[in-house]
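Student: Sequence isn't available, so here's the structure alone:
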């Protein structure tokens, strides 16, 4: 450690994040397998891994700028690597950036580029590739990570093996920020995102968007003890019943996003393991704050009081989750606002806010699809029943799964969605609620929120930072356009022939990296 530069290996956050990860681990786990089994298994190469994944569309491709659902994210991680990885304990660990250090104030960072890594086309990885990949999300861009990348004031090549990043203001969480799945690395100048080239564990083979894809093992993969299977076949199965049947019949080795209603039944199957991981996944009812009647916060508050959260958690999620309080930070996060009063189901208060808006009753159309999350249509029906007691008449518009994220999300005035959570509070709040974010899916803009978010980001005083994040959670809960009634556990099912599977606090399928880490029993 020198006078002007501090070696930064996430020690500031490691204890807090690790503690959160321990909490997550105790909340979930692998059902149907002895606790000691994983330690006894020795990885082996061979076989074709077949995955039945929900969350795909015919409009998908491998462009890191537009990744937004489970199938494209999982497939992207098969072909490409990120800069930083989030491990099973919610720690930021090196990937294509093999180490980093920052000057005091955390505004100027230096990252070492991993050496000895080659792309699938034989090109050696250099700083130019990483700078190009980061710049896809900077400036005039359609990238969903535009608001996150806006923190990067400058990205400079120091040498072929070193990159300097200068931030607009200090951010001690930068390595966590760079773990965002949009920041995947492609060769300098690469533009053909229908036929991607990366440094990842598998090589693109065949691809039919929204239907199926096949990837072959990268025999020159730089990570040891990874990429065990010969090939991965992805079958897009958006219908949850069909996905479950494919798992039960042995057509696939793993499926994501289980139907909450069938988890207890699946647990009884002696050939399956159920992987339950608690984290930041939350389910949302989105009100577009730029469209009537949701321009009036009284209407938004009426709706937030008109939902029976306990009933929703019990019925739609079968208890596999936790109650939400209309903000996106989970109780496992060190900056969770524990003192914020939980909003109850209160039809009379909902009527009060309708009166404040000059109304005795309200008619709404809610766009819903199980593409949003497993059980979304059921959740919409439960909301319709509970809202009726407040004088809110909700009609449910069933939307097709294919194209939901292009045609409904961020376009319909009132629709359903989900967020997979992010490893830090700053990242979650920035990408979903800052005014300039391309993924601000309620179109809610608040100057005070933006200013406080920027202030908290630069603080190293944890207590002060927590105080500001609590204010931000209260602002979203009381004024934002997202009704967030519940957090749901990540639930996957895997064949007992599939080994090396663990829980993970970030996303289904081990943080969307399952294919890289597992192997098949002979």
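Tutor: Ah, there it is. This one's a predicted model, so the numbers in the text were calculated from it and none came from an experiment.
Student: Pretty sure residue 90 sits against residue 511.
Tutor: No: here residue 90 does not reach residue 511: they are 9.8 Å apart, not a contact under C-beta atoms under 8 Å. Every C-beta, even on glycine, is put in place using the N, C-alpha and C of the backbone.
Student: Touching both of these two, which residues are there?
Tutor: Residues touching both residue 90 and residue 511 (C-beta atoms under 8 Å, 6 or more residues apart in numbering) are residue 505.
Student: List the residues that contact the spatially most central residue of the chain.
Tutor: For the chain, residue 420 is the residue whose C-alpha lies nearest the centre (C-alpha atoms, centre = their mean; 3.0 Å). Residue 420 is in contact with 279-281, 506-507, counting by C-beta under 8 Å, 6+ apart.
Student: one more time with 7 Å
Tutor: By C-beta atoms under 7 Å, 6 or more residues apart in numbering, residue 420 lies in contact with 281, 507.
Student: do the same with the one 4 residues further on
Tutor: Listed by C-beta under 7 Å, 6+ apart, the contact partners of residue 424 are 173, 176.
Student: Report the separation between residue 327 and residue 480.
Tutor: 7 Å (C-beta to C-beta, to the nearest Å).
Student: same thing with residue 487?
Tutor: From residue 487 to residue 480 the distance is 16 Å (C-beta to C-beta).
Student: ditto for residue 428
Tutor: For residue 428, the distance to residue 480 - C-beta to C-beta - is 13 Å.
Student: mind showing which ranges of this protein have poor pLDDT?
Tutor: For the chain, the stretches flagged by pLDDT under 70 are 1-28, 30-40.
Student: try 80
Tutor: 1-41, 458, 460, 522 (pLDDT under 80).
Student: In space, what's closest to residue 409 - neighbours in sequence excluded?
Tutor: residue 417 (5.7 Å; C-beta to C-beta, 6 or more residues apart in numbering).
Student: Packing partners of whichever helix or strand residue 478 is part of?
Tutor: Using DSSP states H and E, residue 478 falls within helix 462-479. When contacts are defined as 3 or more C-beta pairs under 7 Å, 6 or more residues apart in numbering; DSSP states H and E, helix 462-479 sits against helix 425-433, helix 447-457.
Student: distance between the first one and the chain's centre?
Tutor: Between the centre of helix 425-433 and the centre of its chain there are 11 Å (C-alpha atoms, centre = their mean, to the nearest Å).
Student: What is it packed up against?
Tutor: helix 146-149, helix 447-457, helix 462-479.
Student: go again using 8 Å as the cut-off
Tutor: Packing contacts for helix 425-433, counted by 3 or more C-beta pairs under 8 Å, 6 or more residues apart in numbering; DSSP states H and E, involve helix 146-149, helix 174-177, helix 447-457, helix 462-479.
Student: what's the offset of the first helix or strand past the last one going along the chain from the middle of its chain?
Tutor: Following helix 462-479 in sequence order, the next helix or strand is strand 482-488 (DSSP H and E). Taking C-alpha atoms, centre = their mean, one finds the center of strand 482-488 at 14 Å from the center of the full chain.
Student: Also stretch 199-214?
Tutor: From the chain centre to the centre of stretch 199-214 is a distance of 21 Å (C-alpha atoms, centre = their mean).
Student: same question, stretch 289-299
Tutor: Here stretch 289-299 is found 27 Å from its chain centre; the criterion is C-alpha atoms, centre = their mean.
Student: buried stuff in it?
Tutor: 289, 293-294, 296-299 (16 or more other C-beta atoms under 10 Å).
Student: Spatially, which two of the residues you listed are the most separated?
Tutor: 289 and 298 (12.6 Å; C-beta to C-beta).
Student: Is it correct that residue 234 falls within a helix?
Tutor: No: Residue 234 sits outside any helix when classified using DSSP: H, G, I helix; E, B strand; the rest coil, being strand.
Student: what separates it from residue 60, distance-wise?
Tutor: 11 Å.
Student: shared neighbours of those two, anything?
Tutor: Both residue 234 and residue 60 are contacted by 71, 75, under the criterion C-beta under 8 Å, 6+ apart.
Student: that older thread, sort out for me which of the buried residues of stretch 289-299 are in helices.
Tutor: 297-299 (DSSP state H).
Student: if we can go back for a sec, mean neighbour count, the helices and strands packed on helix 425-433: which tops it?
Tutor: Highest mean neighbour count among those (mean count of other C-beta atoms under 10 Å): helix 174-177, with a mean of 24.
Student: That one - contacts with which helices or strands?
Tutor: Counting contacts by 3+ C-beta pairs under 8 Å, 6+ apart, helix 174-177 packs against strand 84-86, strand 97-102, helix 425-433.
Student: For residue 342, which non-adjacent residue is closest in space?
Tutor: With C-beta to C-beta, 6+ apart, the residue lying closest to residue 342 is residue 325, at 5.5 Å.
Student: Would you mind confirming that that neighbour is in contact with residue 482?
Tutor: No: using C-beta under 8 Å, residue 325 is not in contact with residue 482; the gap is 11.1 Å.
Student: And for residue 505, the neighbour number?
Tutor: When neighbours are defined as other C-beta atoms under 10 Å, residue 505 has 28 of them.
Student: Phi, psi for it please.
Tutor: Per-residue torsions, residue 505: phi -80, psi -10 (degrees, to the nearest 10).
Student: which ones are touching it?
Tutor: Neighbouring residues of residue 505 by C-beta under 8 Å, 6+ apart: 20-21, 24, 86, 88-90, 277-280, 332, 421, 423, 511.
Student: what pairs with the nearest residue to residue 294 once chain neighbours are set aside across the strands?
Tutor: Closest residue in space to residue 294, ignoring its immediate chain neighbours: residue 287 at 3.9 Å, by C-beta to C-beta, 6+ apart. Counting by DSSP bridges, residue 287 is bridged to residue 414.
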